[in-house]
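**Student:** Can you look at this prediction? I've put the sequence above it.
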Amino acid sequence: MAMMAMKKNLTERARKKAFDAIFSKFDHNQNGKLFISDFVDELKLHDIEIDEEELEILKRFADEEGEVTKHDFEHYTKESELWKSLDKNRDGVVSSLEMTSKAELAFNVADKNSDGYITKAEFSKFAKNLSKEQVEKVMSKFDSDGDGKLDLEEFKKLMKK
């Protein structure tokens with residue numbers, strides 16, 4: 001009996017940890033709330049379209065600015081068939097790996113020193129089929145803040161093109 005209780009406690013802690021990590025990913029400004037639009041955009045990065053019915057379910061949990069608190073988002077996930085479908089391995093936990101987009105995976109491969117940016121040199125190694133001139137053009141087009149490197153958001157815009 002004690003083993004069953006321990007296993008249930010470990011599973012619940014794993015579920016909470018995974019939920020917290022995913023919520024943090026959607027909470028772009030880290031204010032404890034997520035914008036519905038940010039959630040929808042993240043799903044689109046996974047080639048997941050949210051239908052009107054699902055959007056209406058989510059809106060029931062949102063405030064007048066279209067934000068959902070962590071507490072309310074947790075309630076939403078319990079009602080949502082879409083959310084349940086994101087649990088690829090059917091273990092009852094939607095992990096951050098299951099919610100990592102192809103763009104994020106590619107970014108992590110290209111960001112060799114894991115500093116959160118892709119430099120021209122890193123991009124050149126990543127995009128071996130591009131000439132030096134093409135790399136320059138891509139970097140200048142998508143480096144929206146002009147710092148000479150791409151952050152994840154800039155890289156996501158590049159991947160959408």
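**Tutor:** Nice, thanks for sending it over.

**Student:** low-confidence ranges in the chain?
**Tutor:** Along the chain, the parts satisfying pLDDT under 70 run over 1-11, 97, 161.

**Student:** Please repeat the previous calculation with a cut-off of 90.
**Tutor:** Within the chain, the stretches with pLDDT under 90 are 1-29, 38-51, 77-109, 126-130, 152-153, 156-161.

**Student:** Walking through it, point out its strands one by one.
**Tutor:** All strands of the chain, identified by DSSP state E, fall at 33-35, 67-69, 118-119, 149-150.

**Student:** Could you save those strands as TSV and add columns showing distance to residue 81?
**Tutor:** Every residue, glycine included, has its C-beta placed from N, CA and C. Converted to TSV, those look like this (distance: least, CB to CB, whole Å):
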stretch	distance to residue 81
strand 33-35	19
strand 67-69	17
strand 118-119	36
strand 149-150	36
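
**Student:** Take the ones you listed and lay them out in JSON lines including mean neighbour count and distance to residue 133.
**Tutor:** Output for those, formatted as JSON lines (neighbours: other CB atoms under 10 Å; distance: least, CB to CB, whole Å):
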{"stretch": "strand 33-35", "mean neighbour count": "22", "distance to residue 133": "38"}
{"stretch": "strand 67-69", "mean neighbour count": "21", "distance to residue 133": "44"}
{"stretch": "strand 118-119", "mean neighbour count": "24", "distance to residue 133": "17"}
{"stretch": "strand 149-150", "mean neighbour count": "23", "distance to residue 133": "17"}
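
**Student:** Can you check which of those gets nearest to residue 22?
**Tutor:** strand 33-35 (10.0 Å; CB to CB).

**Student:** in its sheet, what does that closest one sit against?
**Tutor:** Strand 33-35 has the following sheet partners, assigned by DSSP bridges: strand 67-69 (antiparallel).

**Student:** for the partner strand, the distance to its chain's centre please.
**Tutor:** Strand 67-69 sits 16 Å away from the centroid of its parent chain (CA atoms, centre = their mean, to the nearest Å).

**Student:** what do you get for stretch 67-79?
**Tutor:** Worked out by CA atoms, centre = their mean, stretch 67-79 lies 16 Å from the chain centre.

**Student:** now what about it, what contacts it?
**Tutor:** Stretch 67-79 has contacts (CB atoms under 8 Å, 6 or more residues apart in numbering) with 19, 23, 26-27, 32-36, 39, 57-58, 60-63, 83, 94.
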